[in-house]
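Visitor: predicted model and sequence follow; I will ask about them next.
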Amino acid sequence: MSKEVLADNEKISIIMAVFNCEKTLKESIDSILAQSYDNWEFIICDDCSTDLTFAIINEYKEEYPDKFIIIQNETNSKLAYSLNHCLKYATGKYVARMDGDDLSTPDRLEKQVEFLRNHPDVDLVGCSMQRFSESGMGMIDKKPEHPDKNTMKSCIPFNHATIMTYKRVYDSLNGYTVAKRTERGQDYDLWFRFFYEGFNGANMEEALYLVREDINAIKRRTFKVRWMGFQTTKYGYKLLGFPKYLIVVEALRTILKSLVPSKIVLLYRKWQSKK
């Protein structure tokens, strides 16, 4: 498929925050360079990596000076702060997310832009994502096709790293909330505020994003991390006017999830991928 170059006001700003991901970063960035849709800028914020991550992204800046914007935090500040730092430099009509250990299929950006053009009532589009590892492809994580605020009662409505939205949406929401409770749940907080402000979202069924299966990422979902997420749930349920009893239900769910060993979670995902 030939590369598509559109007018400046159709530019996509891709935002990525990175920290110590030297082993996977090149593959991730190369998946963006291989996109069929070519009118993008790639804004990458290094969150004070201690490996070769910062050197790697600067190599891309040297090779593609017009496509990459490289920034660095003064101190390690976590994902929400880093993504907000990226948004300060975004000049595109659209903003897409990307993580430093994942891959985008070559037509991801093209298909998401086309979807937003064809659905003017939709403010944000995500997609399914397929897990992968050294042993091959894994389960596909799908989200509801037409999530709304009530979706927040049962599941997270979008796969965060897969989204494309309008810059005006991020501006209206003042980006991500930087707080202790959002250090690993910044997207969850964003979705509560997204629906509260009356925005509409959708998900494409096709898996246009590949997420690396990482046992270490599963292990990082400790009880403390989950409890901080529960604080966001309380905030969000109150914001959207949900019944108070649902907060109790969510507290119990948080505790039960914390009791499941990481290896069991990984085995379950592998089993699901074979179904």
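Guide: Alright, I've got the coordinates.

Visitor: can you classify the residue nearest the centre of the chain by secondary structure?
Guide: With distances taken as C-alpha atoms, centre = their mean, A161 lies nearest the centre of the chain, 2.2 Å away. Using DSSP: H, G, I helix; E, B strand; the rest coil, the secondary structure recorded for A161 is helix.

Visitor: in the chain, which spans are strands?
Guide: For the chain, the strands defined by DSSP state E cover 12-18, 40-46, 68-72, 94-97, 103-104, 124-133, 136-141, 164-166, 201-212.

Visitor: the shortest one packs against which elements?
Guide: What that stands for is strand 103-104. Applying 3 or more C-beta pairs under 8 Å, 6 or more residues apart in numbering; DSSP states H and E, one finds that strand 103-104 contacts helix 25-33, strand 201-212. Any C-beta I mention is one placed from the backbone N, CA and C, and that applies to glycine too.

Visitor: among the ones you listed, show me which one is buried the most.
Guide: strand 201-212 (a mean of 20; mean count of other C-beta atoms under 10 Å).

Visitor: and the angle for that strand with strand 124-133?
Guide: 20 degrees (axes from the mean of the first three to the mean of the last three C-alpha atoms, to 10 degrees).

Visitor: what lines up beside strand 201-212 in the sheet?
Guide: Strand pairing for strand 201-212, determined by DSSP bridges: strand 103-104 (antiparallel), strand 124-133 (parallel).

Visitor: what's the most buried one of those strands?
Guide: The most buried one of those (mean count of other C-beta under 10 Å) is strand 103-104, showing a mean of 24.

Visitor: contacts for that one?
Guide: Strand 103-104 has contacts (C-beta atoms under 8 Å, 6 or more residues apart in numbering) with E27, S28, S31, I32, Q35, M98, F132, L208, Y209, L210.

Visitor: one more pass at 6 Å, please.
Guide: Contact with strand 103-104 is made by S31, Y209, L210, as judged by C-beta atoms under 6 Å, 6 or more residues apart in numbering.

Visitor: same deal with stretch 179-193?
Guide: Contacts of stretch 179-193 (C-beta under 6 Å, 6+ apart): 78-80, 157, 160, 173, 176-177, 225, 228-229, 231-232, 236, 239.

Visitor: mind putting the contacts of strand 103-104 into JSON lines with pLDDT and distance to P120?
Guide: What follows is those, written out as JSON lines (pLDDT from 0 to 100; distance: C-beta to C-beta, whole Å):
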{"residue": "S31", "pLDDT": "98", "distance to P120": "28"}
{"residue": "Y209", "pLDDT": "98", "distance to P120": "24"}
{"residue": "L210", "pLDDT": "98", "distance to P120": "29"}
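
Visitor: nearest to E22 among the residues you listed?
Guide: Of all these, E22 sits closest to S31, with 16.4 Å by C-beta to C-beta.

Visitor: how near is that closest one to S49?
Guide: 20 Å (C-beta to C-beta, to the nearest Å).

Visitor: excluding sequence neighbours, find me the nearest residue to the residue nearest to the centre of the chain.
Guide: Spatially, and ignoring its direct neighbours in sequence, A161 is nearest to D99 (4.7 Å; C-beta to C-beta, 6 or more residues apart in numbering).

Visitor: how close does that neighbour sit to V211?
Guide: 8 Å.

Visitor: likewise N39?
Guide: Distance from N39 to V211, by C-beta to C-beta: 25 Å.

Visitor: give me the below-cutoff pLDDT ranges for the stretch 1-150 of the chain.
Guide: 1-9 (pLDDT under 70).

Visitor: packing partners for the longest helix anywhere in the chain?
Guide: Taking DSSP state H as the criterion, the chain has its longest helix at helix 223-239. Applying 3 or more C-beta pairs under 6 Å, 6 or more residues apart in numbering; DSSP states H and E, one finds that helix 223-239 contacts helix 186-196, helix 245-258.
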